[in-house]
Each structure stands twice: as structure tokens, then as C-alpha cells.
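1. 3D, please:
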Amino acid sequence: MSNLAGTLFGLLLGVQCLTELHGVFILFTNVTCESKDLSISVVEYCEVTSLGKTKNSVRLRYTMPKPVFKNIGFHFQLMTKGSESINGVSNWQPFLYGMNLDMCRFWKNRHNYLAKMVFELIEGHSNLNHSCPYSNEKFIAIDGITNTDISSKIRGIPLTKGSYALFTKWSTENITRVLTKFYFDVLSV
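-> Residues are numbered from 1 along each chain as shown. Model prediction:
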């Protein structure tokens with residue numbers, strides 16, 4: 001191993017150890033929900049609720065006037081806030097590559113490790129937990145997930161202090177139906 005490679009490996013191992021020891025603490029700053037097709041879904045509520053000085057929760061609900069059966073696509077990408085803004089608007093930049101999933105296939109075998117991690121974050125707080133078809137659901141919801149729940153589940157993931165967002169897009173028949181963006185700050189590592 002070259003000296004530079006050894007130094008980089010040591011640095012990454014050090015960051016990982018610090019994160020393991022201290023954990024990551026996040027605070028939700030916002031959530032936005034947008035329905036692109038009101039015949040498929042309608043935003044019922046979408047909010048961050050304060051539960052104390054350092055504790056808050058996210059809840060959102062999309063009512064589904066007609067059930068979605070199959071061909072459900074999900075795209076997500078973790079973003080970080082750039083240091084510069086353009087015309088006073090924050091410049092969000094990809095932190096990790098974007099990922100596209102066939103949700104019906106994913107729920108059958110949970111084949112994608114990163115997607116599995118994302119869905120484990122909302123486990124117990126959502127009705128997004130079964131394979132296709134989604135024929136009986138009248139809504140899709142995430143309710144009562146707290147920043148402390150998420151912080152404990154992402155312990156050991158090397159995130160530096162700063163502002164982040166998880167941009168998600170749901171589609172059926174390759175047409176975008178819903179956009180949901182979760183914004184949060186990493187306050188300590």
C-alpha cells in the first residue's frame with residue numbers, strides 16, 4: 001500500500017471510528033410534498049412537527065383516489081447544500097448517486113442494500129412495507145418518525161455537519177406522480 005493510500009485509509013477509518021463513537025444527530029428542517037397527478041394521489045398533509053428543542057418528527061400522507069397496482073418506480077438521491085447560492089436560492093448538489101428502483105421487484109427480495117437502508121429508516125412508521133399490488137390502500141403515509149429515531153438508525157454512517165436533503169420521486173407507468181423532499185441538518189458527529 002502506498003504512503004498516500006495508507007494515509008487516506010487511516011483518515012477514512014478515523015472518521016468512521018469517530019462517527020461510531022459519537023453517532024450522527026440530525027434535525028429535520030423541512031419536508032415538501034407535491035402530487036403531479038391528482039387522479040393518482042392528493043397531498044393530505046406534509047409537515048415537520050416540533051416535539052421539543054432538539055426533537056421533531058415528520059408526517060406526510062398522500063391519499064390515493066384509485067389504487068396503484070404495479071409498475072411502481074422509486075427514485076431517490078441524497079443531496080447536500082452547496083456553499084454558494086445562485087440568485088439567493090440554495091444550490092443542492094448530489095452527495096451520492098441517484099438510484100432507481102422497481103418497487104414491486106424490491107419488495108419481493110429487497111435486492112438493493114442502499115434502498116433497504118432507506119426503507120428501514122421508516123420501518124414501523126409507514127404502510128410502504130409490502131409487495132405489489134397496492135390494490136387496497138387508500139393512502140400512502142409516513143407518520144410520527146422522529147429525528148431521534150433516524151439518528152439512532154444512521155449511527156456509523158459518515159456524514160459531516162451540514163445541510164442535506166433526500167429527494168424522492170414516485171412514478172407509475174414511467175410517469176412521475178409524486179415528488180417528496182426531506183430536508184435535514186446534521187448537527188453533530
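
2. correct me, but Glu137 touches Ser126?
-> No. In this structure, Glu137 is not within contact of Ser126 by CB atoms under 8 Å, at 11.2 Å. (Each C-beta comes from the backbone N, C-alpha and C, glycine too.)

3. out of everything not next to it in sequence, what's closest to Ser151?
-> Nearest-residue entry for Ser151: Phe25, 4.9 Å, with adjacent residues in sequence omitted and distances by CB to CB, 6 or more residues apart in numbering.

4. For the one you found, list each beta-bridge partner.
-> As for beta bridges, Phe25 partners with Ser188 under DSSP bridges.

5. Where does pLDDT dip in this protein?
-> The model of the chain has pLDDT under 70 over residues 1-22, 69, 83-90, 129-131, 133-135, 189.

6. so where do the strands sit in it?
-> Counting by DSSP state E, the chain has strands at residues 25-35, 42-50, 56-63, 72-86, 89-94, 99-102, 139-146, 162-172, 175-188.

7. measure the residue nearest to the spatial centre of the chain to Leu96 for me?
-> For the chain, the residue nearest the mean C-alpha position is Leu166 (4.4 Å; CA atoms, centre = their mean). Taking CB to CB, to the nearest Å as the measure, Leu166 and Leu96 are separated by 10 Å.

8. Quick check: neighbours shared by these two?
-> Shared contacts of Leu166 and Leu96 (CB atoms under 8 Å, 6 or more residues apart in numbering): Gln77, Leu78.

9. Can you tell me, leaving aside adjacent residues, what's nearest to Asn127?
-> Ala141 (5.9 Å).

10. Would you enumerate the residues in contact with the one you found?
-> Going by CB under 8 Å, 6+ apart, Ala141 touches Arg59, Leu60, Arg61, Tyr62, Ser126, Asn127.

11. All set, thanks.
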